[in-house]
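Colleague: below is the sequence, then the predicted model.
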Amino acid sequence: MLDVAVDGPVAVVTLNRPESRNALSGELVAAIDEAVIGLDGREDVAAIILTGTDPAFCAGFDLRQLSTELRAVQQQRQKAPVAHLGLLPVHQTPVIGAINGAAVTGGLELALACDFLIASERARFADTHARVGAMPGGGLTIRLPELIGPNRARQMSFTGDFVGAHVAYEWGLVNEVVPHAQLLDRAKEVAAAIASIPVANVREVRRMYAEIAELNGTEAWSVERQMAREWMAERFDQSRLAKEREAIIERGRRQT
């Protein structure tokens with residue numbers, strides 16, 4: 001149902017229900033939560049890759065279960081306390097979505113819960129909430145317009161039409177599109193770059209992005225400045241910079 005592999009500082013979490021195109025069941029959602037929380041608590045894991053077993057990334061919530069379970073059970077579930085906002089639990093470790101195939105509705109929301117996405121050329125994205133008759137509750141109406149703009153997001157949600165990998169790249173939904181066979185290698189390469197930086201530094205920058213995303217105007221600028229000052233006053237590692245300054249500069253030269 002869910003495979004977790006840790007190789008050095010990089011963990012790969014793979015949805016493994018290929019017979020249902022990795023559709024989200026209650027058990028799979030719970031397993032994802034448990035895996036992310038467990039990996040996030042490990043000091044030796046610096047980055048997490050989330051992907052699916054071919055041919056899909058995630059087809060969304062299991063429509064067979066949704067269409068056949070007792071209506072009273074569904075209604076009761078809506079009264080239960082919410083464990084967390086979005087489809088991933090609260091975490092500090094960066095999560096890279098390696099989108100290997102279709103990411104549909106709840107699967108799209110799961111992808112949007114990642115910090116950023118790298119897509120196979122086979123990746124496709126769609127929001128069929130309206131067609132199914134279920135409403136998005138995993139952050140889609142927040143994250144999708146942030147990434148591709150409100151008009152494109154509305155078009156996707158109102159039509160339920162699929163968007164291919166290259167259009168998704170042009171729209172800003174994914175950061176890169178790579179050949180299918182190279183997807184996991186490229187995701188691991190990016191994860192390794194993250195892992196080459198002290199974990200505390202990356203987590204603090206990620207925390208700044210998360211907190212400041214909820215603010216606007218001068219308040220956002222003020223909070224960023226305050227968080228930066230607190231870090232520089234209390235946690236900046238000057239000795240590390242003195243030792244690694246030349247290596248940091250040389251890495252920049254190689255990438256120019």
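Modeller: Ah, there it is. These numbers were taken from a predicted model, which means no experiment stands behind them.
Colleague: can you give me the strands for this structure?
Modeller: Along the chain, the stretches classed as strands by DSSP state E are 2-7, 10-15, 47-52, 56-58, 95-99, 102-104, 116-120, 124-126, 163-164, 176-178.
Colleague: helices of the stretch 51-200 of the chain, residue ranges please.
Modeller: 63-68, 71-77, 106-112, 129-132, 140-148, 150-159, 165-171, 183-195, 199-212 (DSSP state H, counting those that start in this stretch).
Colleague: so what does S196 look like in phi/psi?
Modeller: Dihedral pair for S196: phi -80, psi -10, per degrees, to the nearest 10.
Colleague: what pLDDT does the model give it?
Modeller: Looking at S196, its pLDDT is 97.
Colleague: coming back round to it: would CSV of the strands of the chain with mean pLDDT, mean neighbour count and distance to E250 be doable?
Modeller: Bear in mind the C-beta positions are built from the backbone N, C-alpha and C, glycine included. Below are those laid out as CSV (pLDDT from 0 to 100; neighbours: other C-beta atoms under 10 Å; distance: least, C-beta to C-beta, whole Å):
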stretch, mean pLDDT, mean neighbour count, distance to E250
strand 2-7, 98, 13, 26
strand 10-15, 98, 22, 23
strand 47-52, 98, 25, 23
strand 56-58, 98, 29, 37
strand 95-99, 98, 27, 25
strand 102-104, 98, 27, 38
strand 116-120, 98, 24, 26
strand 124-126, 98, 23, 38
strand 163-164, 98, 18, 38
strand 176-178, 98, 18, 24
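Colleague: need those in TSV (columns: distance to V190).
Modeller: What follows is the strands of the chain, written out as TSV (distance: least, C-beta to C-beta, whole Å):
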stretch	distance to V190
strand 2-7	14
strand 10-15	10
strand 47-52	8
strand 56-58	17
strand 95-99	6
strand 102-104	18
strand 116-120	7
strand 124-126	20
strand 163-164	22
strand 176-178	8
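Colleague: end-to-end on stretch 94-107?
Modeller: Distance across stretch 94-107, first residue to last, is 19 Å (C-alpha to C-alpha, to the nearest Å).
Colleague: now stretch 101-109
Modeller: Per C-alpha to C-alpha, the first residue of stretch 101-109 is 14 Å away from its last.
Colleague: residues making contact with that stretch?
Modeller: With C-beta atoms under 8 Å, 6 or more residues apart in numbering as the contact definition, stretch 101-109 has outside contacts at 21-24, 52, 54-61, 86-87, 110-111, 120, 122-129, 132, 134, 136, 138-140, 143-144, 162.
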